[in-house]
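[1] Sequence and predicted structure below; questions after.
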Amino acid sequence: MAVVVEVQQRQDPAKRRSWPVYLTTLKARTRCPCYLLVICPESPVAAWAREPIKIGHPGFDLRPLVVGPGVGPLVTSTEQAAKAPEMAIVGTLANVTTPDQEAMEITHAALVAIENAGHENADLYTDLVLNALPKAARRILEELVNTGIVEYEFKSDLFLRSQAKGEVRGEAKSVLKVLDARGLSVSNEVREQILACTDQERLDQWLVRAATAESVDDLLG
C-alpha cells in the first residue's frame, strides 16, 4: 500500500482539488492500494477535511482519512505507547485526545521508548511534542519526567537537563518553605530571586542558612 500524508493547519480549498490528483497519480505509479491521510490539529480544520470531495463521476467521491480532534485515541495505554510510540506521538501532535494526566503518561511512555531505542529522530520528536503542548500539559509531562511516575527511564541529555532543572527548582521551593515555616518575611522580589537561581551550590548554602537565619538578608548575605 501507499499513503499520501498531508498536514493541514488551516482550511485550503485548493487542497480539495489537488488531493484527488495526488491519490490517483500515486495509484497509477505504484499500482497498489493508495490512501490519503490528513493530519489536522485544529477541530474546525479536521471537520472541514473530513467532508467528502465530490469528483463528479458517479460513486467517485473521495473521503479523506483524518487524524485530529474527534477521531478518538490512537493509543490508549502506556504499554501500547511503548510498542507503537510513533503513533502515540502523532496522536499527541494532532490533538486527538485532551492533553490530561492520562494522555501525558502515554506520551511520556512513547518518548521514553523512542529515546531508549536509540531512534535517530528521538530529540526531534521530543522537541515537537514540547513545542506543541499547551502550558498545562507541558507541566504535566515535565512532572512525569521529574517524578518517574511511569516506569521508564530517559537516557537523553535533553531529559536529564529537564530533570536536573526540576530538582533545582524543587530545592529553591524548599528554601522558601523553610523561611515561611519560621515566619520570616519574604518579599515577592526575593521569592523570584530564589526561584530563578540555578546555581546548585548556592541553593545548598541557602537551604542550610534558612534553618538559622534571623532575616532574609542573613540568608542572601
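    Looks like it arrived, so ask away. Numbers count the residues shown, from 1 in each chain.

[2] Hmm, A81 is touching I106, no?
    Yes - assessed by CB atoms under 8 Å, A81 is found in contact with I106 at 4.7 Å. Just so you know, the C-beta spots here come from the backbone N, C-alpha and C atoms, and that holds for glycine as well.

[3] Can you pull the residues that touch both of the two?
    Common contacts of A81 and I106 (CB atoms under 8 Å, 6 or more residues apart in numbering): 75, 88.

[4] more crowded one of the two?
    A81 (29 against 26; other CB atoms under 10 Å).

[5] mind checking which helix or strand that one is in?
    According to DSSP states H and E, A81 maps onto helix 78-83.

[6] Spatially, what comes nearest to A132 if we skip its sequence neighbours?
    With sequence-adjacent residues excluded and distances taken as CB to CB, 6 or more residues apart in numbering, A132 is closest to L93, at 5.3 Å.

[7] And for that neighbour, the neighbour number?
    20.

[8] quick one: the residue nearest to the spatial centre of the chain from L74, how far?
    Closest residue to the average C-alpha location of the chain: V129 at 3.3 Å, with CA atoms, centre = their mean. Distance of V129 to L74, given as CB to CB, to the nearest Å: 14 Å.

[9] what does R10 give?
    As judged by CB to CB, R10 and L74 stand 23 Å apart.

[10] Check P13 too.
    28 Å.

[11] Which of those two has more residues huddled nearby?
    Between P13 and L74, L74 has the larger neighbour count (other CB under 10 Å), namely 20 against 7.

[12] Check G221 and give its pLDDT.
    Looking at G221, its pLDDT reads 68.

[13] all helices of the chain, in order?
    Remark: helices assigned in the chain by DSSP state H are 13-30, 43-50, 78-83, 85-93, 101-116, 122-132, 135-147, 157-181, 188-196, 200-210, 216-220.

[14] tell me which residues in the shortest one are buried?
    Read that as helix 216-220. 216, 219 (16 or more other CB atoms under 10 Å).

[15] Which secondary structure elements does that helix sit against?
    Packed against helix 216-220 by the contact rule (3 or more CB pairs under 8 Å, 6 or more residues apart in numbering; DSSP states H and E) you find helix 157-181, helix 188-196, helix 200-210.

[16] and with 7 Å instead?
    If contacts are counted by 3 or more CB pairs under 7 Å, 6 or more residues apart in numbering; DSSP states H and E, helix 216-220 sits against helix 200-210.

[17] Now do the buried residues in the helix it packs on.
    For helix 200-210, the neighbour count (16+ other CB under 10 Å) marks 203, 206-207, 209-210 as buried.
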